[in-house]
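Attaching a predicted model along with its sequence, questions to come.
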Amino acid sequence: MPRALVTGGAGFVGSHLCERLLEEGWEVVCFDSFLTGGASNLARSLEHPRFRLEQYDVTNYLFLEGDLDWILHFASPASPRDYMDHPIHTLKVGALGTLRALGLAKARGAGFLLASTSEVYGDPKVHPQPEGYWGNVNPIGPRGVYDEAKRYAEAMAMAYHRVHEVPVKIARIFNTFGPRLRRGDGRAVPTFISQAFRGEPLTVHGDGGQTRSLCYVDDLVEGIWLLLSSDMAGPVNLGNPEEIKILELAHMICSLVGSSSEFVFIERPEDDPEVRCPDITLAREALGWEPKISLHDGLSRTIDWARGVWGEP
């Protein structure tokens with residue numbers, strides 16, 4: 001059976017991916033430092049005989065015994081609050097962590113799938129963003145630690161592909177939401193849900209006119225699986241091409257929760273993108289993929305999960 005190492009597998013997306021690989025009959029080893037992930041995300045996987053979890057920081061020397069078919073590199077703080085709280089580690093996991101993982105892939109003859117991000121496009125001047133757009137990133141701004149870490153990781157992956165012929169796949173992941181989002185990670189969906197549960201004012205950055213495109217996690221994992229199963233390298237955008245204004249998102253969450261919370265408008269963070277929307281033409285044509293779960297249904301599922309796990313009314 002295929003055997004995969006998933007770095008960052010105890011995180012939000014990584015934990016869902018581990019479950020999918022197990023369902024497809026793979027053996028899965030997960031390395032995670034637990035900086036932002038948690039073993040509780042892997043409760044279902046930990047019961048599986050083909051799954052193993054090890055607490056490990058992939059910026060250190062990386063070693064794994066036994067056969068290895070794929071490394072799926074998902075280790076990294078991913079929310080703005082997390083990577084601003086841990087800027088140096090974010091850069092290290094994007095640079096050293098990627099280097100260690102690629103070195104292991106090269107040594108074992110394994111493939112390498114990189115979880116990149118829409119943040120490589122920065123505050124885009126092209127809309128929607130196609131894979132051929134090179135981006136508009138401030139390398140010395142507070143968000144640059146994440147943006148540039150992922151851009152560097154993409155460059156490193158392609159260098160190993162060209163020089164050492166390591167099979168490489170790059171997924172540029174746009175905003176994703178669903179069960180297992182951390183309540184305090186600072187992203188809009190868990191923040192708005194938590195505030196709406198408590199009847200607190202929803203904190204909206206700026207006037208709320210900036211847009212995001214939100215993809216439900218099950219759809220994203222399906223796209224990653226199709227990319228892994230394909231013969232294409234990418235990069236390929238994986239995200240929902242339907243945009244929503246942040247203020248509209250806040251209203252939708254309040255309605256679904258049944259909250260009468262008011263809205264408080266606060267200063268926008270530095271370099272906060274004005275728009276964010278993927279051009280998924282390549283994913284549609286090459287992978288036959290596009291999101292199937294609507295924002296309304298995905299939010300309803302996420303709110304139901306949060307009620308049970310967060311213990312809110």
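Received the coordinates, thanks.

Can you classify the residue lying farthest from the centre of the chain by secondary structure?
No residue in the chain sits farther from the centre than Ser260, which is 30.8 Å out by C-alpha atoms, centre = their mean. Here Ser260 is recorded as coil under DSSP: H, G, I helix; E, B strand; the rest coil.

same question, the one 10 residues further on
On the three-state scheme (three-state DSSP), Glu270 is labelled coil.

what's near enough to touch it?
141-143 (C-beta atoms under 8 Å, 6 or more residues apart in numbering). (C-beta placed from N, C-alpha, C; glycine too.)

coming back round to it: per-residue confidence for the residue farthest from the centre of the chain?
At Ser260, the predicted lDDT confidence score is 90.

Most neighbours of all the contacts of Glu270, which one?
Arg143 (22 neighbours; other C-beta atoms under 10 Å).

that older thread, export the contacts of Glu270 to CSV and tack on distance to Leu227 and secondary structure?
What follows is the contacts of Glu270, written out as CSV (distance: C-beta to C-beta, whole Å; DSSP: H, G, I helix; E, B strand; the rest coil):
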residue, distance to Leu227, secondary structure
Gly141, 30, coil
Pro142, 30, coil
Arg143, 26, coil
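
For Val29, state which of these is nearest.
Using C-beta to C-beta, Arg143 comes nearest to Val29 of those, at 31.5 Å.

circling back: can I get the contacts of Glu270 in CSV including pLDDT and distance to Leu21?
What follows is the contacts of Glu270, written out as CSV (pLDDT from 0 to 100; distance: C-beta to C-beta, whole Å):
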residue, pLDDT, distance to Leu21
Gly141, 92, 36
Pro142, 91, 34
Arg143, 92, 31
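
can you list those in a markdown table and add distance to His86?
Converted to a markdown table, the contacts of Glu270 look like this (distance: C-beta to C-beta, whole Å):
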| residue | distance to His86 |
| --- | --- |
| Gly141 | 16 |
| Pro142 | 12 |
| Arg143 | 13 |
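
Tell me the one of those nearest Phe12?
Looking across those and measuring by C-beta to C-beta, the closest to Phe12 is Arg143, at 18.9 Å.

hang on, the closest one packs against Asp271?
Yes. Using C-beta atoms under 8 Å, Arg143 is in contact with Asp271, at 4.8 Å.

Would you mind listing the residues in contact with the residue farthest from the centre of the chain?
Counting by C-beta under 8 Å, 6+ apart, Ser260 has contacts 199, 254.
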